[in-house]
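Q: Please work out how this folds:
(3 chains)
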Amino acid sequence: MVRHDVVIIGGGIAGMRAAIEVSNAGLDCAIVSKVHPVRSHSVAAQGGINAVLKADDSFDAHAFDTVKGSDYLADQDAVDVLCREGPECIEELEEMGAVFSRDERGRIAQRPFGGAGYARACYLADRTGHGLIHVLYEQILKRDICVYDEWHVLEITVKNNSVRGVVALELATGRLHRLIAKAVMLATGGYGRVFSSTTNAISSTGDGMALALSAGAPLMDMEFVQFHPTTLKRTGILITEGARGEGGYLVNASGERFMKRYAPEKMELASRDVVARAEQKEIDEGRGVNGCVLLDLRHLGERKINEALPQIRELSIKFAGVDPVREPIPVRPGAHYSMGGIMTDVFGKTPVEGLWSAGESACVSVHGANRLGGNSLLETIVFGKKAGKEAARFCVEEPDTRDFPEDALKECASGVAALFNRQKGESAYRIMEEAGLVMSEHCGIFRKEETLSVGLKKIRELKERHKGICLTDKGDVFNTEFQTALELGCMLELSEVILLSAISRQESRGSHFRLDYPERDDGRWLKHTIARRHGKGYAIEYKDVNITRWKPGERKY
Amino acid sequence: MRIKIKIKRCDPIKEGACAPFWQVYDVLATEDMTILDALMKLVSEDDPTIAFRKSCRSAICGSCAVSLNGFPKLACSTLMLPEYRKAGKIELAPLSNYPVIKDLVVDFDRFWKKMEGVTPYLTPSSGSVVTVTGEDEAAIDRSQKCVMCGSCNAVCDSEEADSSFVGPSASAKAWRFAGDVREGYKTKRLEKLSNSHGVWDCVRCVHCTEYCPKDVSPLEAIERLRSEAVKEGVTDNHGAKHVLAMAESVKRVGRLDEAAMTFKTLGFLRSFGMIPFGIKMELHGKMPHPIIFPAIDNIEEVRTIFEATKKKKKD
Amino acid sequence: MTLRYAYYPGCASQAITKESNDTTRKAAALLGIELCDMPAANCCGAGLLKDYDYMLHLSLNARIFSQAEKMGLDILTICSTCLMIMRTANDDMKRDAGLLEKVNRILFEAGLEYKGTIEVKQLLWVLKKDYGLERLKKKVTRPLDWLKAAPFYGCHSLRPSSALGFDDPENPSSLEDVLRSLGAAVVEYGGRTKCCGFQADLVNLDSAVALTADRLLDAKNNGADCVVTPCPFCHINLDNYQAMAEKKAGTKISLPVFHLSQMVGLSMGMTPVELGLHRHLVTPKNV
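A: Residues are numbered from 1 along each chain as shown, chains lettered A, B, ... in the order given. Take a look at the predicted model:
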């Protein structure tokens, strides 16, 4: 029986930043992650992290860009926190050893990103996430923080609406373990794999959000899925917005910079939902090239590309067979980011006692209906830090009189045994593939009641079928089929919640576009969607958006 | 086209031990299929029991390094058919030099421990405010690109001979700090790295640089660490002494004066200890004779270059 | 047309492995290849000068290149380490004009200049490509058909492939091709592209000898009765250190090791004395 003060599920940037904070407070912290921390999907973030660093920029400007970008659904008090804490976070990262790219004057370089009125994205070449994750991992090592890597959390154990700890599977041995903790934090990232075409890693299956639902916590704004405009056709691999930030063009089959018709002022740097919809329309209306549009970087020149965008040149050559120095890259929208997630306050606290969340898995909400590029990395640092601090404070201030239920481990084990003992049934992989196609087809960029409803029916059927899956691999050691079965369960649950939330919201806002309700309706829909488990299904409720400064205005780019 | 893939499977028989066997699979390969695509297809359609690591699919998380036809590659970014055409086969095995957990999954414990052993976090000296220029960043940029895939350690010949060798990946990480202008304990780091099993043990086989998928060039990092160590006066070891002896020899006569160098590197007693071997070598005419070694023509040019290089450094 | 090269034997081949140098000169004469001496050529540094100071390593190698450039000839070397060191230095300077300029500013002080026009090759490559296998076959008077040779490339003939690039580093073939042209049978084994351990001799002799033992046994267990290498340092470890390797492995090896040049010379009728075989520690009884 192992005890920690705080157990953090997920070892990406948010999880590690929180762990550092807990450790700094002198408490005993453990990170539990199904992949080694440096393999977490944070590592793939390319473009940048926003911060107000220069005198002619302002927190208000950053906040307004964010609120407008969110299509006025973001909670403005939370956005304020996000923006104000940016510069301090960048400074701390530098002190830890992060090597941000410099401009000719030796200052931290900043580049423009979509939807922003100012070039405020700080970056590490075009591998910002990679740079930051490694710096944070170094700090984890420095503080000797306990890491259970390749341990897959099966449940967050809750009693009387308060968290007692987790039950996790040690992948290398197949053993189940109890980790008792006063506070548990979920920093498990997004659910991109729910869609068949996504920029996300194979590991991005939204496990934490499903764990939160099981623990009694609500999910918020799940209908808002960001489809990134520039992903490679076959693989869905991300080509950073930074490519457009450096001056890249989007053209259709006729060589036209079509964004002129959709966002005449910001063009390629309009908010992501606007660009994604524009691209999809061009493709749907026959002006695409093999189901894609073209991202043209040729005019930037080889030197600029090698300097500022070397990784995407490599990705493009390797995975699309195209050298952006010589040819435009065929790209199309792909599921990229989950604006929705586990509902938290600005301190990362959920309504379940002792349960926190930060990063992409959380919904504070700072991104509302659409996220700006560069704000996700910022969110992971700002709220990872805050949640860590708060979880630590909770541990110190709250008495530790709670116990870990005797049966929790046994119950979990018997559930696992039941799955392993099943002799006949379907393959988890088969169902996963079908589910991904259902979501891509029925819950994509352009939605309507009919298709969403059909999608919901299909997902519910798949959920039923999931109950009868059978494992071919009955081994204990490194059983990835078992892991896949677990992940599939999470993905199906989240798919149902996303579809329900999307059906319920009868308006278009940010990344959620209804062909049957194409206008934004602030009168009825200026509120967050909250989904909770309810009996055998889910209950949908609503909560007002926190508006402190900017009343919803016209959203033109 | 249909091709056969051979995978080296491993049944975990008890903790820390595996029974290896080869298994052959049939795959319908397409031109744009990567090794990872093939593995995912196999696992979802044919054999869900095959174990391998994977995550990002875009060569940035470092999960999927495997041995392909004897050499380490990232499964997600290696196209299968070109490799098949080159070698006439596709044989996948777990990375060499690592204990195997199951199939293509290896135990990275030693890898992480070696990384931890080089104090892999910045330790700036207190109170110093150092500005970082683009040029400073460029000096350590290559080391920064590392994704910790483990390919270099898998193919390192020094590691093959001595599993305690610091290894190319930890060395590249070590350079990232030793070469950082903000670092406060440069000399201390270099001292530690110059101990036994440290950077001087590298055999310069160039395998690491050849097989690194991210252009880190660990060998270059090792060379820089050696170079900085010598400059910082960390020279009380055979490796550094050999380098200094070579530099002295070339400056003096333009060439490698073996006799003088052996003494300078090994010291008198150790050279003495090599006498039985030396006698055998002498009988075959292989001993360098410590006569006065003639300098090459125009040796002055060499000496001028030595001076000029030193001067340019100061500028 | 006679092939002419600026000849760079390297320091080892002028001393400890001088049998290779002597053989190469004689063999070149028999083949009709003209080797022009470079009496002012300095040591390439063997990587040790690179460990000392990168700019010094570049500048001293540029000095060698400038001499060949003046002669209007490419360089031919019989040492793989010299090959790798010189080619990587040359490659660095050719890829980066700014770097070449920095080097030339240093060379200027010594009254020298390198314009970046010459190539560095090794005997193996010259035989395979410039000279040609067909031409080589015609010169063979004593086909080596009683030999089962294990070709040992060693690291520096193959890596880094970005600067070397003659053979596929995973599946090279030039040494096999040349040996077959000389009439020898060739043995297949995995160790042929791996390291002999030479560069660790003075730092970690135990590790170095372990590697040497492994390569020799690998060759022997695959049916070889000799090893052939283009690199003098590999020759030192595989031959001179073979007794130590036997001790480390706990078994007799007794595998003679030849320089590539000696195989060429032998196939053209040179005698054991001419080939300098008496200088080997492992007696080549089968010649």
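Q: quick one: the closest residue to B:E137 other than its chain neighbours from chain C, how far?
A: Closest residue in space to B:E137, ignoring its immediate chain neighbours: A:V99 at 5.3 Å, by C-beta to C-beta, 6 or more residues apart in numbering or on different chains. Every C-beta, even on glycine, is put in place using the N, C-alpha and C of the backbone. Counting by C-beta to the nearest C-beta, to the nearest Å, the separation of A:V99 from chain C is 21 Å.
Q: contacting residues for A:V99?
A: Neighbouring residues of A:V99 by C-beta atoms under 8 Å, 6 or more residues apart in numbering or on different chains: A:L124, A:G131, B:V132, B:E137, B:I140, B:Q144, B:D180.
Q: just the helices in the stretch 51-200 of chain C please.
A: C:54-71, C:80-95, C:97-109, C:123-125, C:133-139, C:174-181 (DSSP state H, counting those that start in this stretch).
Q: hmm, back to that, let me have the contacts of A:V99 in JSON lines, extended by neighbour count, pLDDT and distance to A:T66.
A: Shown next, in JSON lines, are the contacts of A:V99 (neighbours: other C-beta atoms under 10 Å in any protein chain shown; pLDDT from 0 to 100; distance: C-beta to C-beta, whole Å):
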{"residue": "A:L124", "neighbour count": "24", "pLDDT": "90", "distance to A:T66": "22"}
{"residue": "A:G131", "neighbour count": "23", "pLDDT": "96", "distance to A:T66": "23"}
{"residue": "B:V132", "neighbour count": "16", "pLDDT": "80", "distance to A:T66": "29"}
{"residue": "B:E137", "neighbour count": "18", "pLDDT": "88", "distance to A:T66": "29"}
{"residue": "B:I140", "neighbour count": "20", "pLDDT": "93", "distance to A:T66": "33"}
{"residue": "B:Q144", "neighbour count": "22", "pLDDT": "94", "distance to A:T66": "30"}
{"residue": "B:D180", "neighbour count": "23", "pLDDT": "93", "distance to A:T66": "33"}
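Q: between the residues you listed, which is nearest chain C?
A: Nearest to chain C, judged by C-beta to the nearest C-beta, of the contacts of A:V99 is B:I140 at 14.8 Å.
Q: for stretch A:228-243, the distance to its chain's centre please.
A: Relative to its chain's centre, stretch A:228-243 lies at 16 Å (C-alpha atoms, centre = their mean, to the nearest Å).
Q: which of the residues in it are buried?
A: Buried residues in stretch A:228-243, defined by neighbour count with 16 or more other C-beta atoms under 10 Å in any protein chain shown: A:228-233, A:235-243.
Q: next one: stretch C:134-147
A: Judged by neighbour count (16+ other C-beta under 10 Å), stretch C:134-147 contains these buried residues: C:L136, C:K139, C:V140, C:L144, C:L147.
Q: can you tell me which of the contacts of A:V99 are in helices?
A: When DSSP state H is applied, these are split such that A:G131, B:E137, B:I140, B:Q144 fall in helices.
Q: Would you format these as JSON lines with distance to A:S70 included?
A: Converted to JSON lines, those look like this (distance: C-beta to C-beta, whole Å):
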{"residue": "A:G131", "distance to A:S70": "27"}
{"residue": "B:E137", "distance to A:S70": "34"}
{"residue": "B:I140", "distance to A:S70": "38"}
{"residue": "B:Q144", "distance to A:S70": "33"}
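Q: Now the two most distant members of the residues you listed.
A: Greatest spatial distance in the ones in helices among the contacts of A:V99: A:G131 and B:I140, 11.7 Å, computed using C-beta to C-beta.
Q: Could I get the full set of strands for chain C?
A: C:3-8, C:33-36, C:75-77, C:120-122, C:148-151, C:185-186, C:226-229, C:257-259 (DSSP state E).
Q: thinking again about what came up before, am I right that the residue nearest to B:E137 falls within a helix?
A: No: membership of A:V99 in a helix is not supported by DSSP: H, G, I helix; E, B strand; the rest coil, which gives coil.
Q: from memory B:E91 sits against B:V66, does it?
A: No: B:E91 is not in contact with B:V66 according to C-beta atoms under 8 Å; the separation is 10.2 Å.
Q: higher neighbour count, those two?
A: B:V66 (28 against 16; other C-beta atoms under 10 Å in any protein chain shown).
Q: hey, what's the more buried one bridged with?
A: B:K73 (DSSP bridges).
Q: quick one: contacts for it?
A: Counting by C-beta under 8 Å, 6+ apart, B:V66 touches B:I35, B:F52, B:P72, B:K73, B:A75, B:L92, B:A93, B:P94, B:L95, B:L104.
Q: Turn the helices of the stretch 51-200 of chain C into JSON lines, columns for distance to chain B.
A: Converted to JSON lines, those look like this (distance: least, C-beta to the nearest C-beta, whole Å):
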{"stretch": "helix C:54-71", "distance to chain B": "5"}
{"stretch": "helix C:80-95", "distance to chain B": "7"}
{"stretch": "helix C:97-109", "distance to chain B": "4"}
{"stretch": "helix C:123-125", "distance to chain B": "17"}
{"stretch": "helix C:133-139", "distance to chain B": "22"}
{"stretch": "helix C:174-181", "distance to chain B": "16"}
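Q: okay, the residue located most distally from the centre of chain A: pLDDT?
A: Going by C-alpha atoms, centre = their mean, the residue of chain A most distant from its centre is A:Q423, 36.2 Å out. On the pLDDT scale, A:Q423 is placed at 96.
Q: can you confirm it is in a helix?
A: No: according to three-state DSSP, A:Q423 belongs to no helix; its state is coil.
Q: per-residue confidence for the closest residue to it other than its chain neighbours?
A: Spatial nearest neighbour of A:Q423, chain neighbours left out: A:C470 (6.8 Å); criterion: C-beta to C-beta, 6+ apart. Note on A:C470: pLDDT of 97.
Q: cool, B:E210 as well?
A: For B:E210, the model assigns a pLDDT of 97.
Q: Identify each buried residue in the helix or strand of chain C with the lowest mean pLDDT, please.
A: Of all helical and strand segments in chain C, the minimum by mean pLDDT, DSSP states H and E falls on helix C:272-275, at a mean of 90. By neighbour count with 16+ other C-beta under 10 Å, helix C:272-275 contains the buried residues C:E274, C:L275.
Q: If you count contacts, what does that helix end up packed against?
A: helix C:18-31, helix C:260-267 (3 or more C-beta pairs under 8 Å, 6 or more residues apart in numbering or on different chains; DSSP states H and E).
Q: which residues sit against that helix?
A: C:E19, C:D22, C:T23, C:K26, C:Q262, C:G265, C:L266, C:H278, C:P284, C:V287.
Q: just the buried members of those?
A: Neighbour counting over those (16+ other C-beta under 10 Å) leaves C:E19, C:D22, C:T23, C:K26, C:Q262, C:G265, C:L266, C:P284, C:V287 as the buried ones.
Q: can you put those residues in TSV and add pLDDT?
A: Converted to TSV, these look like this (pLDDT from 0 to 100):
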residue	pLDDT
C:E19	93
C:D22	95
C:T23	96
C:K26	96
C:Q262	96
C:G265	95
C:L266	95
C:P284	82
C:V287	61
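Q: picking up where we left off before, out of the buried residues of stretch A:228-243, the closest to chain B would be?
A: Of all those, the one with the least separation from chain B (C-beta to the nearest C-beta) is A:I237, at 4.7 Å.
Q: Shouldn't B:P12 be within a strand?
A: Yes: assigned with three-state DSSP, B:P12 falls within a strand.
Q: Tell me the bridge partners for it.
A: When bridges are called by DSSP bridges, B:P12 pairs up with B:C18.
Q: Any stretches of the stretch 51-200 of chain C with poor pLDDT?
A: Counting by pLDDT under 70, the stretch 51-200 of chain C contains no low-confidence range.
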